[in-house]
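Q: this one's sequence-less:
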C-alpha cells in the first residue's frame with residue numbers, strides 16, 4: 001500500500017499538502033480519484049467522519065472496484081489509564 005494523498009471536505013485544504021501528500025479534493029472528488037486509476041483503495045483513519053460519509057465513500061469504492069478499510073486508534077492504555085509518553 002502506497003499513499004497518494006488525502007480527501008478532505010474542507011474546501012480550503014484542496015491543493016495543500018499534509019505530511020508530504022496532497023489533498024486531492026473532497027468526498028465528491030473521490031469517485032474521480034478512484035476511477036482515474038490513481039487509487040486502488042481508500043483508508044479512513046479518522047473517527048470524526050460521520051457514518052453517512054463513510055458509507056458514501058464505501059459505495060464509491062464498491063462501484064469502482066476499489067477496496068476500503070476503516071481504522072480506529074485508541075490511545076488509552078490497558079486498564080483505562082492514559083500514558084504520558086509513547
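A: Ah, there it is. None of these values were measured; they are calculated from a predicted model.

Q: tell me where the model's unsure across this structure.
A: 37, 78-86 (pLDDT under 70).

Q: which stretches of it form strands?
A: 6-7, 17-18, 21-25, 41-44, 67-70 (DSSP state E).

Q: let me know which of the ones you listed is tucked in deepest.
A: Compared across these, strand 6-7 shows the largest average neighbour count, a mean of 18 (mean count of other CB atoms under 10 Å). Where C-beta positions appear, they are placed from N, C-alpha and C, glycine not excepted.

Q: partner strands of that strand, with direction?
A: When pairing is defined by DSSP bridges, strand 6-7 lines up against strand 21-25 (parallel).

Q: show me what the partner strand is in contact with.
A: 3-8, 13-17, 32-33, 38 (CB atoms under 8 Å, 6 or more residues apart in numbering).

Q: adding distance to residue 55, write the strands of the chain out as JSON lines.
A: Output for those, formatted as JSON lines (distance: least, CB to CB, whole Å):
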{"stretch": "strand 6-7", "distance to residue 55": "15"}
{"stretch": "strand 17-18", "distance to residue 55": "24"}
{"stretch": "strand 21-25", "distance to residue 55": "19"}
{"stretch": "strand 41-44", "distance to residue 55": "11"}
{"stretch": "strand 67-70", "distance to residue 55": "10"}
